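Asks: kindly return the folded structure for what I paste below:
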Amino acid sequence: MSSPLPVPPVSPVLKVVDNRVTCQVLSENGTCCGFKSHSILSHLVSAHKMTAADYLEKFPGAETVSVNALSALEKETLRARRVPAPLAVTLTTNIMGIKLPVDVCVPEENCLPLPPGYMFPTKGKAKAVFERIIQGLARGRNLFIWGMPGTGKDAVVHAYSAMTRKPVVMVTFRPGTDLAPWFYTRSISEDGTGWEYGHLWHALTEGVVGRDGKRRPVLVLLSDVDRADSAQAEWFRILTDSIEGRILDPHGKMVPLMPGTQFVCTANSCGSGDARGRMASSNPMDASILDRLGRKVQAAYMDWSDEVQVLRAKFPRVLEMAPGVFDQLGNATEALRKAIEAEEIYAEFTHRGLCEVLSECDDILSFGGSPTGLLKKGFRSWMDGLDADTQLTAKRLVSPHLKDGAFGSAGKDDDY
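Replies: Next up is the predicted model:
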């Protein structure tokens with residue numbers, strides 16, 4: 001007799017329980033909305049223009065969040081660790097791996113603003129240069145930073161001041177500007193003649209008062225020092241004398257500076273004037289003055305992988321509609337800057353120039369223009385500022401990197 005066949009085990013019936021909350025709002029035809037979710041709060045606002053209070057007033061006791069969601073939220077809350085906010089006096093910021101204190105008692109108006117979209121370099125020669133600058137700024141050293149236009153000489157001081165709340169007084173040397181009122185000028189009153197002291201004098205000798213009532217020494221940023229004319233050079237000499245910790249008043253008396261006062265000078269040349277002839281107002285500087293300006297640092301352009309991140313953030317429309325433009329622009333920029341450094345073309349192609357090219361691209365796209373040939377059209381904003389021969393050379397350098405067609409001959413209408 002054969003044995004009975006084994007009976008397979010009966011699988012248990014799985015029952016799916018839907019714990020989601022159902023929206024009870026009635027539509028115009030009288031049917032229930034029926035939307036289900038673990039939270040219908042955002043649905044109420046977007047679909048029915050109702051707040052949670054409006055919904056509960058209309059449907060008292062109705063659920064808006066499921067039991068599962070509340071349970072999960074409670075578990076997360078129990079796991080969360082509450083950390084007290086740090087004291088304001090202990091705030092710090094990290095700049096290129098260097099931890100620096102933030103002086104929150106210094107009013108924002110006494111600091112320089114952070115440049116839009118600013119980013120510190122993360123690789124290449126620029127990274128090494130900027131690390132030296134930040135180290136010098138953090139230690140209170142006097143610096144002389146020089147280099148090509150657009151290498152971020154002034155911008156790094158702006159960023160340092162904004163991020164650490166370092167009070168800064170900025171002096172920009174422009175030929176023809178009278179600097180005397182910034183120090184002191186003659187005044188006449190009912191008591192007779194005297195001297196009226198300017199903002200720069202007070203900053204040098206008294207510092208800046210913080211919100212806590214204490215005085216802080218300032219960082220004096222002397223921008224474009226190699227552009228000083230003969231009249232400004234005399235005031236500049238007074239400033240360089242003050243680097244030694246004292247300054248001469250109008251009566252001939254030596255007045256001590258606020259201890260900790262720091263000087264940073266920027267220039268387009270190393271003090272010998274611009275040998276290329278591009279910076280017409282860049283003058284040779286007195287060697288004795290140069291010797292007093294502190295640590296010398298030659299600035300360098302950012303690596304393209306860093307610079308392109310800044311440009312992408314500044315021009316999101318171009319990034320969205322014509323992302324390939326940035327790769328083409330990077331190759332063109334490298335070719336142009338190499339030629340400029342080798343003095344094959346007499347021009348400057350700085351970060352400002354890059355922004356002008358991309359801003360024209362952005363304008364074209366904003367008015368419904370085609371992404372095809374976009375960079376070629378955008379280069380008009382820079383190319384049109386060159387003379388005919390330089391423009392022709394620049395077009396030959398840029399053309400191999402344009403994917404939508406090369407430039408034509410100089411002067412032709414179909415160049416763009």
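Asks: list the buried residues for the worst-scoring helix or strand of the chain on mean pLDDT?
Replies: Confidence across the helices and strands of the chain bottoms out at helix 230-242, with a mean of 73, counting by mean pLDDT, DSSP states H and E. Of the residues in helix 230-242, those buried under the neighbour-count criterion (16 or more other C-beta atoms under 10 Å) are 232, 235-237, 239-240, 242. C-beta here means a position set from N, CA and C on the backbone, and glycine is covered the same way.
Asks: once you drop chain neighbours, what's closest to residue 114?
Replies: Using C-beta to C-beta, 6 or more residues apart in numbering and skipping residues adjacent in sequence, the residue nearest residue 114 is residue 162, 3.8 Å away.
Asks: what strand or helix carries the one you found?
Replies: Using DSSP states H and E, residue 162 maps to helix 153-164.
Asks: pull that helix out as PDB, backbone CA atoms only.
Replies: Below are the C-alpha coordinates for helix 153-164, written out as PDB (Å, rounded to 0.1, in the frame of the first residue of the first chain):
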ATOM      1  CA  LYS A 153      44.900  90.800  -4.500                       C
ATOM      2  CA  ASP A 154      42.300  93.100  -2.900                       C
ATOM      3  CA  ALA A 155      39.500  90.500  -2.800                       C
ATOM      4  CA  VAL A 156      41.400  88.200  -0.400                       C
ATOM      5  CA  VAL A 157      41.700  91.000   2.100                       C
ATOM      6  CA  HIS A 158      37.900  91.800   1.600                       C
ATOM      7  CA  ALA A 159      37.100  88.100   2.300                       C
ATOM      8  CA  TYR A 160      39.400  87.900   5.400                       C
ATOM      9  CA  SER A 161      37.900  91.100   6.800                       C
ATOM     10  CA  ALA A 162      34.300  89.900   6.200                       C
ATOM     11  CA  MET A 163      34.800  86.400   7.600                       C
ATOM     12  CA  THR A 164      36.800  87.300  10.700                       C
END
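Asks: quick one: contacts of that helix?
Replies: Around helix 153-164, the neighbours that count as contacts under C-beta atoms under 8 Å, 6 or more residues apart in numbering are 93, 95, 100-103, 111-115, 118, 120, 130, 133-134, 137, 145-147, 166-168, 219, 221, 223, 264, 266-267, 299.
Asks: those in strands, which ones?
Replies: Judged by DSSP state E, strands contain the following of the contacts of helix 153-164: 93, 95, 100-101, 145-146, 168, 219, 221, 223, 264, 266-267.
Asks: drop anything exposed from those.
Replies: Among the ones in strands among the contacts of helix 153-164, the ones that count as buried by 16+ other C-beta under 10 Å are 95, 100, 145-146, 168, 219, 221, 223, 264, 266-267.
Asks: now the two most distant members of those residues.
Replies: Across those, the two members that end up farthest from each other (C-beta to C-beta) are 100 and 267, 25.7 Å apart.
Asks: low-confidence ranges in the stretch 201-350 of the chain?
Replies: In the predicted model of the stretch 201-350 of the chain, residues 241-242, 273-283 satisfy pLDDT under 70.
Asks: how's this structure carved up into domains?
Replies: The chain breaks down into these domains under automatic domain parsing: 21-79, 90-298, 304-415.
Asks: residue boundaries of the strands in the stretch 301-416 of the chain?
Replies: Across the stretch 301-416 of the chain, reading from the start of the chain, there are no strands by DSSP state E, counting those that start in this stretch.
Asks: which residue ranges of it form helices?
Replies: Across the stretch 301-416 of the chain, reading from the start of the chain, the helices by DSSP state H, counting those that start in this stretch fall at 304-314, 316-321, 324-341, 351-366, 374-378, 380-383, 388-398.
Asks: which residues does residue 115 contact?
Replies: So, once contact is read as C-beta under 8 Å, 6+ apart, residue 115 ends up touching 155, 158-159.
Asks: by neighbour count, which of these wins?
Replies: Each of the contacts of residue 115 was scored for neighbours by other C-beta atoms under 10 Å, and residue 159 scores highest at 21 neighbours.
Asks: which pLDDT value belongs to it?
Replies: For residue 159, the pLDDT comes out at 95.
Asks: separation between it and residue 134?
Replies: Spatial separation of residue 159 from residue 134 under the definition C-beta to C-beta, to the nearest Å is 9 Å.
Asks: check residue 148 too.
Replies: Per C-beta to C-beta, residue 148 is found 20 Å from residue 134.
Asks: stretch 316-328: how far from the chain's middle?
Replies: 20 Å (C-alpha atoms, centre = their mean, to the nearest Å).
Asks: now swap in stretch 208-226 and tell me
Replies: Distance, stretch centre to chain centre, for stretch 208-226: 21 Å (C-alpha atoms, centre = their mean).
Asks: kindly report the same for stretch 42-50.
Replies: The chain centre lies 39 Å from the centre of stretch 42-50; the measure is C-alpha atoms, centre = their mean.
Asks: same thing with stretch 119-138?
Replies: Counting by C-alpha atoms, centre = their mean, stretch 119-138 is centred 15 Å from the centre of its parent chain.
Asks: show me what counts as buried in it.
Replies: Of the residues in stretch 119-138, those buried under the neighbour-count criterion (16+ other C-beta under 10 Å) are 120-121, 126-127, 129-134, 136-138.
Asks: would you list the residues you listed in a markdown table and tack on distance to residue 227 and pLDDT?
Replies: Shown next, in a markdown table, are the buried residues of stretch 119-138 (distance: C-beta to C-beta, whole Å; pLDDT from 0 to 100):
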| residue | distance to residue 227 | pLDDT |
| --- | --- | --- |
| 120 | 27 | 93 |
| 121 | 26 | 93 |
| 126 | 24 | 93 |
| 127 | 28 | 94 |
| 129 | 22 | 95 |
| 130 | 23 | 95 |
| 131 | 28 | 95 |
| 132 | 24 | 95 |
| 133 | 21 | 95 |
| 134 | 25 | 95 |
| 136 | 23 | 94 |
| 137 | 23 | 95 |
| 138 | 28 | 94 |
